[in-house]
Each structure stands twice: as C-alpha cells, then as structure tokens.
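A.B. asks: I would like to see how this sequence folds:
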Amino acid sequence: MVMRFAFICLFLFGFDGSLRAQEITDPFGGFAEVLVEPLPEAPYEQEMVLIKIRGIYAKKPARHKLVQPIILDAGWMQLGSDSWTDTMHAGKPVNSYERVMAIFPQKPGKIEIGAFEHRMTFHDLDGSWVERVLKSEPVVIEVQPKPATKGWWLPARGLKVTDSWDREPDQLGQAELAHRTVTIEALGVEPGHLPPAPDMRSPGIMSFSDPEERSHELTPAGPISRVTWRWTVRTITSTPAIIEEVSIPWFETTTRELREEVLKEQRVALAGSEALERPPETLIRRSEALAVPIGLIVGALAGLALLIPGLRFRTRRELTNLLERFRPDPLFAALRSAARKGDAAAVRSGVQRLLRRDREAGRGRVLEPAVIEALTALDKSLFAQTPTPPDFDLRALVRGVLRARAM
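C.D. replies: This next block holds a predicted model:
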C-alpha cells in the first residue's frame, strides 16, 4: 500500500487546455476535446503519455457512447471508469464528462490520435428523443527514438525491486533447497514491457525457475505493472558458488535520467563450508607418499635409455607426461570413494568437476547414452522437493564416467 500511495503521489494531473469561453446555446449542445498531459520534452518510445477525453455539455444525456478512433503504432489502456461531474462554464451550470487513457508509443515520429465521437441521446421535455454526435479534434504526439542504451529499455515514472530468500543461501544443510523471489513494480509501464527473467545459473549449483507472473493494477497515475520471478536453488558441491549480480537499467521519465537497480551477487554454500574446496587429506598424503617411488621408476627408465639400443633420452615434457600416466588422480579416487559410501551429491559434484576440468583442458569426455541417462536421473533425485536416494548403482555410474574416452 505504501508503494501504491507513493506512486500515485508522483502523478500531476495538469493537462494542457482550458474550458472554451464560447457560450453553449443549444440545450443539447456542448463540445468534446482531447487534452494531452504536458511533459518536459517529447516522450521516447514506450514512454507513457496520459490523455484526457473531456466533454462539456448543457445537460447530461440519458444514454451515451464514446467511440474511440484506431490509434496506430501505439498501445493504450483506459485508466478506470468514465466520470460525470457538475461544474460551471461561462457562468452557467453544465455537465462535464471525462475519460483518462494511457498511450504507449511503439515507434518514433508522429503518433496521431484521431477524433473521438461522443454519441448521445437526450430526453426532451415533450417526451421526444434528441440525438447528438460531438467530435473532438485530432491531436498529434511527437515521439523521440529511444536512446542508445545497453540492455533492456524500460521507461517508467517509478520503479521498485524486491529480492528475498526464504532462508540464508550460504547456510544450507545437506540436500536443502533455497527459494529466491524477485519482484519488479513499475509505474507507467505495460506488463509486457517489463524485462525478461535473468539467468540465475552458476557452476556448483542447480537452479530451476518457476513460470514468471505478470500483472498490472490501474490507477489514476497510470498502470502499476508487476513481474515476479521465482527460483529453487540447491548446491551440488561443498565448494561455495557465487550467483553473479544482475543489473536492471531503467529510465526515470520524471527526472529524465538513466538509473539502475542491482540484484546483488549471492553466495550459495553449505553451512560451514570453506571458501575453497581441498582434496581429502588422506588423498594428499597418499599422493605425496607415491611421489618418491614414481620418481625412482622414472629415473630408472631414463637410465635404460642409455643401455638399450634404439632408446633415447626424453625431453622434460615427455618425462612429465610419462609421470602423469603413473600418478593417481585424486579426483578419480574421490569419485570412487563417494560411490562406495553412497554419497549421491558428492558423486554428482565430482562428475561435474571432472567434466569441467577436461573441457577446460581441451578434452571433451564422450559419455555413453546410458551414463547420460543415469546422470539425468541422479539430478532429478537430488533436486526433487523431497530428495530420494537414486535407484541405481552409483559405482556403475562412476565406472561409466571414468572409462569414457577424452577426445
């Protein structure tokens, strides 16, 4: 309610035009006109322009209908119901009719608003019916092309962004889900002109989005349009993940200034997780313990190159590659260990790290279709509203991943 009141308070209903001074002599006569809200400068594309269709009549008709012209190259909304009020004109009491509309130009140049026809039926004193049709004069609105800006073009008279999580996303429990909700409210904007949902993906997390919700509320100051986005997020690794910040640029039409709202970056992590993931100490010690014997083996092979005809000394790069073939991969060992323990989340995290490491090294690991299906099933079981253990052998999945060829 505070938001709505603040928006409406921004509205100044100061339209150009004044009551005509001519006297209305026809007892069923009057005039109709279209008044355009004054703006600091010509509006941009998609910027809201308010217009008021007003009629001043000697008496109120028994029946009436306002026929609206076709407005090309612009969207429009009627803001509320038509109104009738008693007022004074040229020293005589008259009836004033008003309708307020919001116009949204869709291209630069001249937007013409043709004549409105007010068709009225009056009841005469002798019991007869009198028909009258009064027309407004056409008006033209000059529209500027939208300025060259990066990102989404969003002209609005006011904008508010709310960003909330249902729990602390960097203090999640194992297999726990966090729900993020972002809502944008904008005054003077059609719902379809609000920006699309941003990308909320990041390495180390799984993120699913709900269908967005768009709505609008009509006020005398223009429509207040809303879009709401919701995501369900879960971490799949013990390493904290960062969802990058998202910029939402917009143009404040009242001050004629470009502005920016920012969805701040968010850390998503298990409670108590460290900033960097470290291999298990047992694997580190095992790798260090194997370094000495592997070094002796490589040295012996180098010595054989001097004794066996046809063999030669290896370059440092060749010896390094040879050493790597014998060195145990800590990631392989961690994957096998997680599979033996039945830790599905650790298996999925390890597979993701392995595939990413191979991809960054320029080697794409070619997975069999059965392995891909198993990984898909694993994701569904991990990210269900109520996570359930996978109904297949994790060790077989790991073996399928490890025996895949790196191209």
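
A.B. asks: low-confidence stretches in the chain?
C.D. replies: Scanning the chain for pLDDT under 70 picks out the ranges 1-22, 273-328, 364, 383-388, 405-407.

A.B. asks: in stretch 204-211, which residues are buried?
C.D. replies: 204-207, 209 (16 or more other Cβ atoms under 10 Å). (C-beta placed from N, C-alpha, C; glycine too.)

A.B. asks: check stretch 356-373 too.
C.D. replies: Using 16+ other Cβ under 10 Å as the test for burial, stretch 356-373 gives 365, 367, 371.

A.B. asks: how about stretch 372-382?
C.D. replies: 374-375, 378, 381-382.

A.B. asks: export it as PDB, just CAs?
C.D. replies: Taking Å, rounded to 0.1, in the frame of the first residue of the first chain, the C-alpha atoms of stretch 372-382 are listed here in PDB:
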ATOM      1  CA  ILE A 372      23.900 -39.600 -19.600                       C
ATOM      2  CA  GLU A 373      20.500 -41.100 -18.600                       C
ATOM      3  CA  ALA A 374      21.900 -42.100 -15.200                       C
ATOM      4  CA  LEU A 375      23.200 -38.600 -14.600                       C
ATOM      5  CA  THR A 376      19.800 -37.100 -15.600                       C
ATOM      6  CA  ALA A 377      18.100 -39.500 -13.200                       C
ATOM      7  CA  LEU A 378      20.600 -38.500 -10.500                       C
ATOM      8  CA  ASP A 379      19.800 -34.800 -10.900                       C
ATOM      9  CA  LYS A 380      16.100 -35.400 -10.600                       C
ATOM     10  CA  SER A 381      16.500 -37.400  -7.400                       C
ATOM     11  CA  LEU A 382      18.800 -34.900  -5.900                       C
END
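
A.B. asks: give me the contacts around that stretch.
C.D. replies: Applying Cβ atoms under 8 Å, 6 or more residues apart in numbering, the external contacts of stretch 372-382 come out as 175, 206, 234, 236, 344-345, 347-348, 351, 367, 387-392, 396-397, 400.

A.B. asks: which of those fall within helices?
C.D. replies: Mapping these onto helices (DSSP state H) picks out 344-345, 347-348, 351, 396-397, 400.

A.B. asks: in terms of helices and strands, where is residue 373?
C.D. replies: helix 369-382 (DSSP states H and E).

A.B. asks: and that helix, how far out from the chain's middle?
C.D. replies: With Cα atoms, centre = their mean, to the nearest Å as the basis, helix 369-382 stands 29 Å off its chain's centre.

A.B. asks: show me where the stretch 1-150 of the chain has its helices.
C.D. replies: 2-9 (DSSP state H, counting those that start in this stretch).

A.B. asks: hey, what's residue 135 bridged with?
C.D. replies: residue 117 (DSSP bridges).

A.B. asks: my read is that it contacts residue 120, right?
C.D. replies: No. In this structure residue 135 lies outside contact range of residue 120 using Cβ atoms under 8 Å: 11.9 Å.

A.B. asks: ok, those two, which is more surrounded?
C.D. replies: When residue 135 and residue 120 are compared for neighbours, residue 120 comes out ahead with 23 against 16, by other Cβ atoms under 10 Å.

A.B. asks: contact partners for that one?
C.D. replies: Shown in contact with residue 120 (Cβ under 8 Å, 6+ apart): 28, 57, 61, 63-65, 131-134.
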